[in-house]
Structures are given as structure tokens and as C-alpha cells.
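Q: missing the sequence, but the structure's below:
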């Protein structure tokens, strides 16, 4: 049996009193600043609140989107920001990017650095360039005491290798986790949380279903990746944070646990990981 490496201090603590509170959901990964929401952004945010989504985290993928994430967080109390440079933008880094990113991290509503990592599907930058950017942002997060949000597509082996070398035990999330149990074990052993999105609801996602059943509940999170990865029965449509409830419902069903139990645990997990957001929870 795999013995998971101890998580960052406090990460596995759980306040059972949360079980007595109303159902509260969190979308730990969305891109509401994208043009797909220009026509009805405020309505989308309102629908999320009506669905019980009490916190949303807006994710940057380059410096302009990171600034937009902060602006959205400033405008909405329920929204927090993550700033960083995604691997598909490694080839267009502006001069002084690291200084700028460090400055953005000083904002009180910035809760993590992300989404960062590797993407061998689009391969817009060669792997060595992606790896250099990845390691630099992991180092910055470690220096600033912030968790990281990891993007990994068709790059599982190198992602785990780099995290093992540079971020073992560092708090963070495997965003929109997709992979088998062996990959999940490797991520859990590193101390990372697994965040599930719309594909968890797909009937044929059997490997993902196995991970959802076997992984410790205290190491799981929920997200939408809006406007992408809309869950069943909305697959192929524009996604939005209100639909994170479908992900949490599916997770609860797969684990044969009450929705309230799973939602409360995810809420606690998010508050313990995102320390800057924690006091508001």
C-alpha cells in the first residue's frame, strides 16, 4: 500500500462543524474574464451564487489575464485570483515578467500561482523552455509561500519528475485532473490535491471514476475550467461556475457519500490550501 507523503501543515485538518452549515460549493478554476462571457458575465456570476457556489477562483494564464483575474476579484467579494504564466505562453514572455508576476502576487486576493506546468499537446514552446518557466514559477511560489495550480497535458512523466525535484511537499493542485490511478498516486505522494472538473461526469470516464472513488476525500477539490469542459448533460456547451454542483454531485455518487459531506470537505480543503482565502471561509 502506498503511504502518502505528509501534506502541508493543516491540510488534512477537518472541522466537522462545517457539516452543520448550509451547502456551500467552490469552483477552484474558472476563466470568466475570457470574451466568451463578455455578453453576460454578471448574470453568470449571479447564477453561480444562486446555485450555492459561494467562492470562485479566477485563473490567469499570462500577465494580461492575470491582471484581469485580479480586476474581477476586486469587483466581486466571492471571487479570488490566481496569477501565472501557462506553458502555452512560454514563447511570448515579456521582459521583466518575473518581477511583474511577483508584484501581482502581492495583491491580497491572489491566493496562488498558476496555472503553470507543461503542455505537450499544443507544444507552442519546446519542452526545455516550458520546463524553465515551470521551475522558475515553482521557485517563486516557494519563496512567497503560495500554493501552485498545475496544468499538465500529455506530459505526466515530466510533470511528476519536475514536481518531485522542485516542489515535493509544496502545496498545490493538479488542475482538471485526468489520468489513471497510478498517476493519481504519484501526485498524491507528492502532496498535491486532485481537482475534478466536467469530465468526471462523463459516463465513459472509467479511469477517472476509479480515482474519484479511491483518492482520500481530504485531497480532492472541484472546478469547472469555465468556459471549457462542461459536464454532462451540457457537454459541448459553454461551461460556467454554477455547473460545479454537477461535478460535486457526481463525486458524491461515485464515493457513495452524502452530497453535504463531500461539499463540506471540499470547502474545507480549499480554505486550508488557499491560506489567503481561508479567513473568509
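A: The structure has been received and is ready for your questions. Predicted model only: the values in this text are computed from it and were never measured. Numbers count the residues shown, from 1 in each chain.

Q: Which helix in this structure has the most residues?
A: In the chain, assigned by DSSP state H, the helix with the most residues is helix 127-144.

Q: need the helices for this protein, in chain order.
A: Under DSSP H, the chain gives helices at 41-50, 63-75, 97-105, 127-144, 156-166, 181-189, 206-214, 244-255, 259-273.

Q: Show me which residues of the first one are buried.
A: When you say that, I think you mean helix 41-50. For helix 41-50, the neighbour count (16 or more other CB atoms under 10 Å) marks 41, 44-45, 48 as buried. C-betas here are computed from N, CA, C, even on glycine.

Q: With mean pLDDT and distance to residue 83 added, can I get the helices of the chain in JSON lines?
A: Listed next are the helices of the chain as JSON lines, based on pLDDT from 0 to 100; distance: least, CB to CB, whole Å:
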{"stretch": "helix 41-50", "mean pLDDT": "98", "distance to residue 83": "19"}
{"stretch": "helix 63-75", "mean pLDDT": "98", "distance to residue 83": "4"}
{"stretch": "helix 97-105", "mean pLDDT": "98", "distance to residue 83": "5"}
{"stretch": "helix 127-144", "mean pLDDT": "97", "distance to residue 83": "10"}
{"stretch": "helix 156-166", "mean pLDDT": "97", "distance to residue 83": "19"}
{"stretch": "helix 181-189", "mean pLDDT": "97", "distance to residue 83": "22"}
{"stretch": "helix 206-214", "mean pLDDT": "98", "distance to residue 83": "28"}
{"stretch": "helix 244-255", "mean pLDDT": "98", "distance to residue 83": "21"}
{"stretch": "helix 259-273", "mean pLDDT": "97", "distance to residue 83": "16"}
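
Q: any chance of these in JSON lines, with distance to residue 234 too?
A: What follows is the helices of the chain, written out as JSON lines (distance: least, CB to CB, whole Å):
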{"stretch": "helix 41-50", "distance to residue 234": "13"}
{"stretch": "helix 63-75", "distance to residue 234": "23"}
{"stretch": "helix 97-105", "distance to residue 234": "33"}
{"stretch": "helix 127-144", "distance to residue 234": "32"}
{"stretch": "helix 156-166", "distance to residue 234": "28"}
{"stretch": "helix 181-189", "distance to residue 234": "26"}
{"stretch": "helix 206-214", "distance to residue 234": "18"}
{"stretch": "helix 244-255", "distance to residue 234": "8"}
{"stretch": "helix 259-273", "distance to residue 234": "19"}
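
Q: wait, which of those helices is closest to residue 235?
A: helix 244-255 (10.7 Å; CB to CB).

Q: Remind me what the closest one packs against, helices and strands.
A: Using 3 or more CB pairs under 8 Å, 6 or more residues apart in numbering; DSSP states H and E, the elements in contact with helix 244-255 are strand 25-30, helix 206-214, strand 220-222, helix 259-273.

Q: which of those sits most buried?
A: Ranked by mean neighbour count, the helices and strands packed on helix 244-255 are led by strand 25-30 with a mean of 29 (mean count of other CB atoms under 10 Å).

Q: any idea of the mean pLDDT for it?
A: Computed over strand 25-30, the mean pLDDT rounds to 98.

Q: what do you get for stretch 224-236?
A: Stretch 224-236 comes out at a mean pLDDT of 97.

Q: Next, the distance between the ends of it.
A: 13 Å (CA to CA, to the nearest Å).

Q: Could you do stretch 114-124 as well?
A: One end of stretch 114-124 sits 18 Å from the other (CA to CA).

Q: so can I have a markdown table of the helices and strands packed on helix 244-255 showing distance to residue 242?
A: Below are these laid out as a markdown table (distance: least, CB to CB, whole Å):
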| stretch | distance to residue 242 |
| --- | --- |
| strand 25-30 | 9 |
| helix 206-214 | 21 |
| strand 220-222 | 12 |
| helix 259-273 | 14 |
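
Q: among those, which is nearest residue 170?
A: That would be helix 259-273 among those, by CB to CB, at 11.2 Å.

Q: Let me know the angle separating the closest one from helix 244-255.
A: Orientation of helix 259-273 against helix 244-255 (axes from the mean of the first three to the mean of the last three CA atoms, to 10 degrees) gives an angle of 110 degrees.

Q: counting contacts, what elements does helix 259-273 pack onto?
A: Counting contacts by 3+ CB pairs under 8 Å, 6+ apart, helix 259-273 packs against strand 25-30, strand 220-222, helix 244-255.
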